[in-house]
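Novice: heads up, no residue letters with this:
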């Protein structure tokens, strides 16, 4: 069952049997610490993690910094981290405008195709909680 952890207006969604962890909602100064702690805990238990930003609606400077810190922690832990987002999504726009597209994987478009079978977690969708 999909596990959803909520942090203020942001959320971390763990898809069972998959290396995909989705982020959604708002990633800002008010929830960055909680989201960071959850992602770091997940990194410790996985050799590979794909971080899907498609459902992030607002990404602030604190959210970008969070992604940078998680990327650094993954390297230190020896975990392969892929950060993916469709180029039409708000998070991609923010990463482009802030000069942070280097956080995304060069093969991100290929990784996005693999995410098509996972539930869409946009605001208002009903998702089973576990």
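Specialist: Now that the structure is in, tell me what you want to look at. Just so it is clear, the structure is predicted and the values come from calculations on it, not from any experiment.
Novice: low-confidence stretches in the chain?
Specialist: 107-130 (pLDDT under 70).
Novice: quick one, helices of it?
Specialist: 32-44, 61-77, 90-97, 108-114 (DSSP state H).
Novice: and the first one, how far out from the chain middle?
Specialist: Read it as helix 32-44. Centroid displacement of helix 32-44 relative to its chain, using Cα atoms, centre = their mean, to the nearest Å, is 11 Å.
Novice: and it with helix 61-77, angle?
Specialist: In terms of direction (axes from the mean of the first three to the mean of the last three Cα atoms, to 10 degrees), helix 32-44 departs from helix 61-77 by 20 degrees.
Novice: who's in contact with helix 32-44?
Specialist: For helix 32-44, contacts defined as Cβ atoms under 8 Å, 6 or more residues apart in numbering pick out 5, 7-8, 10, 12, 14, 21, 23, 27, 49, 51, 62-63, 65-66, 69-70, 73-74, 77, 79, 81. C-beta coordinates here come from the backbone N, C-alpha and C atoms, glycine included.
Novice: the third one too?
Specialist: For helix 90-97, contacts defined as Cβ under 8 Å, 6+ apart pick out 53-54, 56-60, 63-64, 85-86, 100-101, 103-104.
Novice: buried residues, it. List them.
Specialist: By 16 or more other Cβ atoms under 10 Å, the buried positions in helix 90-97 come out as 91-92, 94-95.
Novice: let me have those in a markdown table, extended by distance to residue 32.
Specialist: Listed next are these as a markdown table, based on distance: Cβ to Cβ, whole Å:
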| residue | distance to residue 32 |
| --- | --- |
| 91 | 14 |
| 92 | 19 |
| 94 | 14 |
| 95 | 16 |
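Novice: which two of those have the greatest separation?
Specialist: Spanning the widest gap among the buried residues of helix 90-97 are 92 and 94, at 7.4 Å by Cβ to Cβ.
Novice: I'd assumed residue 50 was in contact with residue 22.
Specialist: No - between residue 22 and residue 50 there is no contact under Cβ atoms under 8 Å: 9.2 Å.
Novice: now restrict the contacts of helix 32-44 to buried residues only.
Specialist: By neighbour count, with 16+ other Cβ under 10 Å, the contacts of helix 32-44 hold 5, 7, 10, 12, 14, 21, 23, 27, 49, 51, 62-63, 66, 70, 73-74, 79, 81 as buried.
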